[in-house]
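Asks: here's a sequence, model it:
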Amino acid sequence: MADLTPIEKLVVQSMQELGATNDEKKKTADDIAKKCNRPKGMVTNALVSLSQKNIVKRVAREKASGYYITGSV
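Replies: Numbering: from 1, shown residues only. As a prediction, the model looks like this:
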């Protein structure tokens, strides 16, 4: 996790605390933003970056996308 920005580290930590560790336990950006007490836009940007680094998986759903940690943290 050394190459992550402070907000990315906070997002990953919040996701771990929320238990978003597999596909059945995915959380929305809203859930994660509330947990880490940061603006949703900032959290969404961090989630996109984490997804590109293959740390977080994004799952498109009808209403809101879900995110979970892939385990490569």
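Asks: where do the helices sit along this protein?
Replies: Using DSSP state H, the helices found in the chain span residues 6-18, 29-36, 40-52.
Asks: want to throw those helices into a markdown table with distance to residue 61 and mean neighbour count?
Replies: In this view, the C-beta of every residue, glycine as well, is placed from N, C-alpha and C. What follows is these, written out as a markdown table (distance: least, CB to CB, whole Å; neighbours: other CB atoms under 10 Å):
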| stretch | distance to residue 61 | mean neighbour count |
| --- | --- | --- |
| helix 6-18 | 17 | 18 |
| helix 29-36 | 12 | 19 |
| helix 40-52 | 14 | 17 |
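Asks: tell me which residue is most central in the protein.
Replies: The centroid of the chain falls nearest to residue 47 when counting by CA atoms, centre = their mean (4.9 Å).
Asks: before we move on, the earlier item: what would the helices of the chain look like in a markdown table with mean pLDDT?
Replies: Below are the helices of the chain laid out as a markdown table (pLDDT from 0 to 100):
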| stretch | mean pLDDT |
| --- | --- |
| helix 6-18 | 96 |
| helix 29-36 | 96 |
| helix 40-52 | 95 |
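Asks: nearest to residue 66, out of those helices?
Replies: helix 29-36 (9.0 Å; CB to CB).
Asks: so which residues make contact with that closest one?
Replies: Helix 29-36 has contacts (CB atoms under 8 Å, 6 or more residues apart in numbering) with 10-11, 13-15, 17-18, 20, 39-40, 42-44, 47, 64-65, 67.
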